[in-house]
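A.B. asks: could you look at this predicted model? Sequence included:
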Amino acid sequence: MKRTASILLALLMILTLGCKKEEPINELANRQLMYEMDKWYLWYDKMPDVNPENYHSPVDLLDALIYKELDKWSYITTKQELEAYYNQAQYVGYGIGMAFDTNNQLWITFIFDESPLREFGVDRGWRIEAINNTNVSPSNVTSLLAPNNATFRLINHKIEEKIVSATKETVKMNTVLMDSVYTIDSKNIGYFVLKGFVGPTVEELNITFTKFTEQNVNEVIVDLRYNGGGSINTASHLANLLAGSIANGEILGTFAHNNKQSHENSSIYIEIETNSLFLDRVVFITTRNSASASELVINGLTPHMDVVLVGDKTYGKPVGMKTFWYNEFDWAFVPICFRFLNANDEGDYYDGIPADIAAGDGISFPFGDISEPSLAAAIGLITGQPKTLSETTFEKLYQPQQKGLREEIGAW
């Protein structure tokens with residue numbers, strides 16, 4: 001009996017030791033998120049007093065902490081997804097942009113070169129009628145595109161119906177969607193459509209500005225209509241190419257942190273690059289989808305040169321993020337941590353930066369067509385032949401809503 005009792009006692013001790021409570025990964029992650037938010041979050045003083053252990057995951061905790069009156073952007077994603085996008089310009093999807101018009105018709109706004117739909121001839125200006133035999137609407141498009149496979153019923157430029165099936169792939173984005181030079185009167189006008197600011201964008205911009213230099217470009221139109229932002233370093237490279245020759249050494253932007261981290265406040269400066277152009281003016285084409293780093297470039301250049309916006313007012317994100325890695329799990333915490341201010345201490349454009357000349361997004365026109373309303377208005381400004389609103393038609397497009405990193409990628 002004593003022997004049996006000893007065995008039972010030993011087993012009980014083993015079980016007790018074996019069941020020693022280990023803190024769940026989420027609990028540890030929640031604590032780290034709480035620490036970083038209290039220290040770095042721009043609106044830390046607006047956070048509610050909560051117990052991080054009461055939340056199932058960091059995603060739930062972040063949603064409880066953010067200052068919802070202004071913060072629409074702080075997010076949590078995976079390290080793999082974040083690095084793929086910023087370092088390799090890659091994401092998983094169909095390689096297209098989409099937007100609804102005011103009649104709730106869904107249009108393809110752009111297509112990357114490596115899109116799995118490219119081989120079927122799909123292009124900007126095609127209309128998506130249905131996905132998997134269900135007619136699309138603003139309320140169902142996100143769920144229809146959730147599976148890894150889709151069959152699209154499309155209407156092409158010739159008003160012909162096309163049925164196309166595709167599988168989501170790892171798509172490498174070409175962020176310069178197109179570029180061109182137009183010679184009109186004495187003006188050599190460089191034009192390019194820029195989708196985002198990620199690592200490979202630097203080389204793409206260098207190639208484009210080499211062409212501009214070789215063709216003696218003296219006016220530039222930067223089309224940011226679908227540019228949701230990205231890397232600040234990459235955005236500053238664009239600013240260097242546009243203004244480096246006339247504003248070398250001037251402040252492009254200052255990062256203003258909360259009062260706990262004011263010692264981290266710093267500025268970035270405009271630098272001259274090999275292919276920096278000599279420009280007195282730059283024209284940006286913008287929409288409500290032009291955000292974040294796009295707005296940083298616009299706001300940052302305004303004190304140093306004539307900056308003109310054509311199209312619609314920008315999105316309104318005058319703040320930036322830091323990334324905090326949680327190494328025990330593949331998480332990246334990306335909260336808002338600072339404001340963007342230009343050399344005149346101007347920022348806080350939460351309602352967007354207004355356009356100087358109103359023009360619509362001519363979705364039925366390919367990029368670079370000088371009859372496309374926004375491009376026509378920009379060229380008219382440069383050549384002294386301005387277009388009226390009735391001539392340009394003011395069509396507004398609305399992208400289906402995405403959140404977090406997917407919103408920044410701005411593609412499906």
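C.D. replies: Yep, that arrived. Numbers count the residues shown, from 1 in each chain.
A.B. asks: give the contact list for Thr208.
C.D. replies: By CB atoms under 8 Å, 6 or more residues apart in numbering, Thr208 lies in contact with Val176, Asp179, Gly190, Phe192. Using the backbone N, CA and C atoms, a C-beta is placed for each residue, glycine as well.
A.B. asks: the last one: which element?
C.D. replies: Assigning secondary structure by DSSP states H and E places Phe192 in strand 187-194.
A.B. asks: could you dump whichever helix or strand comes after that strand to CSV, C-alpha only?
C.D. replies: Downstream of strand 187-194, the next assigned helix or strand under DSSP H and E is helix 201-214. C-alpha atoms of helix 201-214 as CSV (Å, rounded to 0.1, in the frame of the first residue of the first chain):
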residue,chain,number,x,y,z
THR,A,201,10.5,51.6,-57.0
VAL,A,202,13.8,53.4,-56.6
GLU,A,203,15.3,51.6,-59.7
GLU,A,204,12.1,52.0,-61.7
LEU,A,205,12.2,55.8,-61.0
ASN,A,206,15.8,56.0,-61.9
ILE,A,207,15.0,54.4,-65.3
THR,A,208,12.1,56.7,-65.9
PHE,A,209,14.1,59.9,-65.0
THR,A,210,17.0,58.7,-67.1
LYS,A,211,14.6,58.8,-70.1
PHE,A,212,13.4,62.2,-69.0
THR,A,213,17.0,63.6,-68.8
GLU,A,214,17.9,62.1,-72.2
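A.B. asks: still on that earlier bit, any idea of the mean pLDDT in the strand holding Phe192?
C.D. replies: Strand 187-194 carries an average pLDDT of 98.
A.B. asks: also stretch 333-353?
C.D. replies: 98.
A.B. asks: identify each buried residue in it, please.
C.D. replies: 333-343, 347, 349, 352-353 (16 or more other CB atoms under 10 Å).
A.B. asks: farthest pair in the contacts of Thr208?
C.D. replies: Val176 and Gly190 (11.8 Å; CB to CB).
A.B. asks: does Gln88 touch Val171 like I think?
C.D. replies: No: counting by CB atoms under 8 Å, Val171 is not a contact partner of Gln88; they are 10.6 Å apart.
A.B. asks: can you map out the helices along the stretch 101-250 of the chain?
C.D. replies: 141-144, 201-214, 232-247 (DSSP state H, counting those that start in this stretch).
A.B. asks: that older thread, Asp63: which of the contacts of Thr208 is nearest?
C.D. replies: Among those, and counting by CB to CB, the member closest to Asp63 is Val176, at 35.5 Å.
A.B. asks: show the contacting residues for Asn275.
C.D. replies: Asn206, Phe209, Thr210, Phe212, Thr213, Leu241.
A.B. asks: repeat that for Ile76.
C.D. replies: Taking CB under 8 Å, 6+ apart, we find Ile76 in contact with Leu33, Pro58, Val59, Leu62, Trp331, Ala332, Phe333, Val334, Gly404.
A.B. asks: weed out the non-buried ones from those residues.
C.D. replies: Leu33, Pro58, Val59, Leu62, Trp331, Ala332, Phe333, Val334.
A.B. asks: quick one: which of Gln88 and Val171 has more around it?
C.D. replies: Taking neighbours as other CB atoms under 10 Å, Gln88 and Val171 compare with Val171 leading, 24 against 14.
A.B. asks: just the pLDDT for that one.
C.D. replies: pLDDT, Val171: 98.
A.B. asks: beta partners for it?
C.D. replies: Tyr91 (DSSP bridges).
A.B. asks: that one reaches Arg118, doesn't it?
C.D. replies: No: Val171 lies out of contact with Arg118 (CB under 8 Å); the separation is 9.9 Å.
A.B. asks: identify the contacts common to the two.
C.D. replies: With contacts defined as CB under 8 Å, 6+ apart, the residues adjacent to both Val171 and Arg118 are Gly95, Phe112.
A.B. asks: returning to what we had before: which single one of the contacts of Asn275 is nearest to Leu70?
C.D. replies: Closest to Leu70, out of all of these and judged by CB to CB, is Leu241, at 31.7 Å.
A.B. asks: can you report how many residues neighbour the closest residue in space to that closest one that isn't next to it in sequence?
C.D. replies: Leaving aside its sequence neighbours, Leu241 sits nearest to Phe209 (CB to CB, 6 or more residues apart in numbering; 4.9 Å). A count of nearby residues for Phe209, using other CB under 10 Å, gives 25.
A.B. asks: which residues touch the closest residue to Val202 other than its chain neighbours?
C.D. replies: Nearest residue to Val202, sequence neighbours excluded (CB to CB, 6+ apart): His237, at 5.3 Å. Residues near His237 by CB under 8 Å, 6+ apart: Thr201, Val202, Leu205, Glu273.
A.B. asks: do the same with Val319
C.D. replies: Neighbours of Val319 in contact, by CB under 8 Å, 6+ apart: Leu42, Trp73, Ile336, Phe338, Arg339, Phe340.
A.B. asks: can you add distance to Ser139 and secondary structure and give those residues back as JSON lines?
C.D. replies: What follows is the contacts of Val319, written out as JSON lines (distance: CB to CB, whole Å; DSSP: H, G, I helix; E, B strand; the rest coil):
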{"residue": "Leu42", "distance to Ser139": "33", "secondary structure": "coil"}
{"residue": "Trp73", "distance to Ser139": "23", "secondary structure": "coil"}
{"residue": "Ile336", "distance to Ser139": "29", "secondary structure": "strand"}
{"residue": "Phe338", "distance to Ser139": "35", "secondary structure": "strand"}
{"residue": "Arg339", "distance to Ser139": "34", "secondary structure": "strand"}
{"residue": "Phe340", "distance to Ser139": "34", "secondary structure": "strand"}
